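*Asks:* predicted model, plus sequence, below.
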Amino acid sequence: MVCFDNPIDAGTLQGGISYISLDHPSESTGINQIFYDPATNCAFAKPNAILGQQSRYLLLVTDAVQDAAGHKVKESQSFKDCLQHGTDPYCVSLAAAVTAAHGPGNDHIVVASVFTTMSATTWLEKARGFVDRFEPGVVLPAGLVSVFSLPSLSNMTWLPDNSGGAPQDIPLTALTGVDSVAFGLFFSPNFLNISGPAAGTISDPPTNRPLEAPVQVPGLPPGVPPGFVPVSFHVFLPPAARRPSNGKGFPLVIYGHGLGDSQFGAPTYIASTLASQGFATLAMEIQGHGFGPGGTVQLTDTAGNKFSVATPGRGIALSKGPIGAADGCIAPGAVAVRDCARQTAVDLAALVSVLHQTGGLLGSVDPDRIYYIGQSFGALYGTLFHAVEPSVPAAVLNGDGGSSVDIARLSMTGRILDLEYLASLNPPSFVPLLLNVPPAPPEDYFHDSFNDNYPFRDAPPPLIPNTVPGAPALQAAFESADWIGMPGDALAFAPHLKLSPLPGIPAKKTIFQFGIGDLEVPNPSESAIVRAAGALASTWMFRFDTAFAAFPELLGIGAPGLPLLPHRFLSNPTIFSDPAEQSIAIAAQMQAAQFFSGIPNPNPNLLLTAPFSPGQPLFELSPPLPEALNFFQIPK
């Protein structure tokens with residue numbers, strides 16, 4: 001935020017404001033998403049590129065900014081006095097920073113600010129270190145019989161505990177080529193508060209202090225180490241004939257499912273493709289999912305024998321009613337999914353540690369060949385995990401986005417979270433802002449209840465001054481939430497995949513997949529992740545506009561009012577309902593399998609099947625990143 005004492009020409013802001021790294025003075029970045037409020041003569045903007053964490057920067061304004069009459073803006077006397085005569089520590093620091101960045105003359109500088117960015121990854125790095133030091137490395141069977149041959153089964157049904165949902169069949173027909181399924185439990189350190197006002201959040205110590213001990217979870221069965229929780233998982237194994245000739249177990253793909261899903265949802269619909277390429281598929285119950293702790297899977301074999309295995313959920317009862325599909329993952333207020341993502345990244349690290357300590361589940365899988373696929377929220381927490389886990393060299397992140405605040409405020413499904421957040425801040429001030437947009441027709445879901453008037457990235461000039469009452473206050477609320485959420489946000493971790501790996505972590509190989517016109521993790525947030533990761537050369541955009549033009553029925557796949565495509569094109573229960581959807585999904589899945597097999601950047605277009613043609617340009621490599629929303633597929 002830069003404020004002036006008179007109106008300015010907003011079109012000159014971009015040329016006159018920049019950030020300079022004080023740790024690397026040759027590095028600078030400009031501003032983007034520029035917003036000017038004529039009521040206060042204040043300008044707001046975001047950095048043109050992600051700033052480095054734990055780094056000192058100088059925010060610099062020069063006289064390239066002009067007032068409304070075309071005159072150069074001038075420095076204030078108070079700024080001159082601070083630089084030339086100030087004796088308080090900040091003025092001394094600011095003067096030194098300005099001199100270091102621009103020399104002693106500084107004739108064109110009109111105002112500046114020196115600041116240090118937050119330590120976004122520190123807590124998770126410490127928690128990952130805790131796993132290495134204290135992980136019990138024990139895998140418990142999930143029942144008396146925990147490994148089942150799929151050809152011998154006639155039925156497999158998940159019975160979630162304490163939920164309003166019905167039992168969920170796990171379709172055996174979707175598991176063609178999978179030989180067996182194994183169930184188990186492992187221990188993970190729990191850092192999440194599960195009761196009281198702090199429920200759903202992690203208590204962060206200051207970054208220069210040791211990590212706080214894991215939080216005790218009451219009511220767990222005997223044998224669980226203090227501060228640890230049992231985490232349920234299952235793994236689909238290929239036939240023995242696909243076992244590698246080196247005598248080791250199957251290479252393993254861990255699948256991270258999306259928000260509100262479970263280990264028995266989307267992972268089921270990719271296991272067959274991965275098994276056909278010799279990969280085992282593992283899914284675990286992430287934090288706040290799977291409903292109550294008494295969940296089971298009931299299995300019936302072809303002889304009529306019935307078996308039950310324990311698959312405890314990790315939902316948290318937030319009320320007296322049933323546990324919801326994501327209860328315990330979405331915390332109230334600005335924290336939202338920040339700590340659910342961090343705890344799940346810890347759980348994934350604990351899983352990898354267990355796989356190593358048990359020799360790959362006693363030889364079933366190869367602990368030296370572990371890969372990761374994340375879909376939607378699974379890509380978001382997967383980015384955190386990928387950035388801090390040294391033993392997973394490659395990942396495919398599908399529908400990854402950031403920041404979480406931007407996802408929520410732009411998403412068809414996430415906007416309700418923003419409404420709840422805004423209403424919780426200061427009702428007398430914010431409730432009227434929720435009504436700053438006239439009622440809109442049902443199909444116009446975007447500005448339904450409020451208008452924050454954020455500009456999109458690279459919005460073309462001329463810049464239009466703000467004309468929406470209340471928009472600056474809404475933006476201020478969202479910026480605060482953005483800052484609070486960064487320690488668990490994919491946007492903060494994406495640069496550490498390849499551009500600036502964290503200490504002790506090798507640079508990672510990553511493919512990003514996303515669909516044009518995504519309604520749930522909208523394109524601007526997906527583009528932000530790709531830019532932050534410097535991964536355009538390994539990014540594939542699914543051209544849903546092309547697919548939809550050829551097969552309009554693709555738009556109708558999903559729930560009423562929520563087309564599931566293009567967001568959920570990788571793996572979903574609907575992928576076998578339509579040949580076109582199946583072709584798209586299998587191509588994306590096969591791209592992942594080939595990538596993990598060693599092909600650097602497989603072309604999914606070559607993997608398309610009927611009704612599309614192999615080689616048909618349905619996926620675009622290194623596309624121009626879409627910075628605005630795409631509404632072409634909204635039914636009218």
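*Replies:* Cool, the structure landed.
*Asks:* okay, now stretch 619-626: how far is its last residue from its first?
*Replies:* 14 Å (CA to CA, to the nearest Å).
*Asks:* contacts made by that stretch with the rest, please.
*Replies:* Applying CB atoms under 8 Å, 6 or more residues apart in numbering, the contact partners of stretch 619-626 are 513, 516, 523-524, 527, 530-531, 536-537, 539-543, 587-588, 601, 603-605. To be clear about C-beta, it is placed using only N, CA and C from the backbone, and glycine gets the same treatment.
*Asks:* now with 10 Å?
*Replies:* 456-458, 513-518, 522-524, 526-531, 535-543, 546-547, 584, 587-588, 591, 601, 603-608 (CB atoms under 10 Å, 6 or more residues apart in numbering).
*Asks:* buried subset of the residues you listed, written for ChimeraX?
*Replies:* Buried residues within the contacts of stretch 619-626, by 16 or more other CB atoms under 10 Å, are selected in ChimeraX with:
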select :456,457,513,514,515,516,517,518,522,523,524,526,527,528,529,530,531,535,538,539,540,541,542,543,546,547,584,587,588,591,603,604,605,607,608
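*Asks:* where strands are concerned, which of the contacts of stretch 619-626 count?
*Replies:* Gln513, Phe514, Gly515, Thr539, Trp540, Met541, Phe542 (DSSP state E).
*Asks:* now the fourth one, which residues is it bridged with?
*Replies:* With beta bridges defined as DSSP bridges, Thr539 has these partners: Phe512.
*Asks:* quick one: low-confidence parts of the stretch 51-200 of the chain?
*Replies:* 103-106, 164-165 (pLDDT under 70).
*Asks:* please apply the same query to the chain.
*Replies:* 103-106, 164-165, 426-448, 461-463, 559-561, 631-636.
*Asks:* picking up where we left off before, can I get the ones in strands among the contacts of stretch 619-626 in a markdown table including distance to Ile270?
*Replies:* Shown next, in a markdown table, are those (distance: CB to CB, whole Å):
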| residue | distance to Ile270 |
| --- | --- |
| Gln513 | 13 |
| Phe514 | 17 |
| Gly515 | 16 |
| Thr539 | 20 |
| Trp540 | 16 |
| Met541 | 20 |
| Phe542 | 16 |
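*Asks:* farthest-separated two in those?
*Replies:* Taking CB to CB, the two most distant members of the ones in strands among the contacts of stretch 619-626 are Gly515 and Thr539; they sit 12.0 Å apart.
*Asks:* so what sits against both of the two?
*Replies:* Contacts common to Gly515 and Thr539, judged by CB under 10 Å, 6+ apart, are Glu526.
*Asks:* counting contacts, what elements does the helix or strand containing Thr281 pack onto?
*Replies:* Following DSSP states H and E, one finds Thr281 within strand 280-284. If you count contacts as 3 or more CB pairs under 10 Å, 6 or more residues apart in numbering; DSSP states H and E, strand 280-284 packs onto strand 180-189, strand 228-237, strand 250-256, helix 271-276, helix 338-357, helix 359-363, strand 365-375.
*Asks:* as a markdown table, those with distance to Leu384 and mean neighbour count would be great.
*Replies:* Below are the helices and strands packed on strand 280-284 laid out as a markdown table (distance: least, CB to CB, whole Å; neighbours: other CB atoms under 10 Å):
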| stretch | distance to Leu384 | mean neighbour count |
| --- | --- | --- |
| strand 180-189 | 15 | 24 |
| strand 228-237 | 17 | 25 |
| strand 250-256 | 10 | 27 |
| helix 271-276 | 23 | 23 |
| helix 338-357 | 4 | 25 |
| helix 359-363 | 24 | 16 |
| strand 365-375 | 10 | 24 |
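*Asks:* gap between the two ends of stretch 198-212?
*Replies:* End to end - CA to CA - stretch 198-212 spans 15 Å.
*Asks:* doesn't Asn6 make contact with Ala69?
*Replies:* Yes: using CB atoms under 10 Å, Ala69 makes contact with Asn6 at a distance of 9.0 Å.
*Asks:* any idea how many residues pack against the closest residue in space to Gly534 that isn't next to it in sequence?
*Replies:* Using CB to CB, 6 or more residues apart in numbering and skipping the chain neighbours, the partner closest in space to Gly534 is Leu499 (4.7 Å). By other CB atoms under 10 Å, the residues close to Leu499 number 14.
*Asks:* cool, thanks, talk later.
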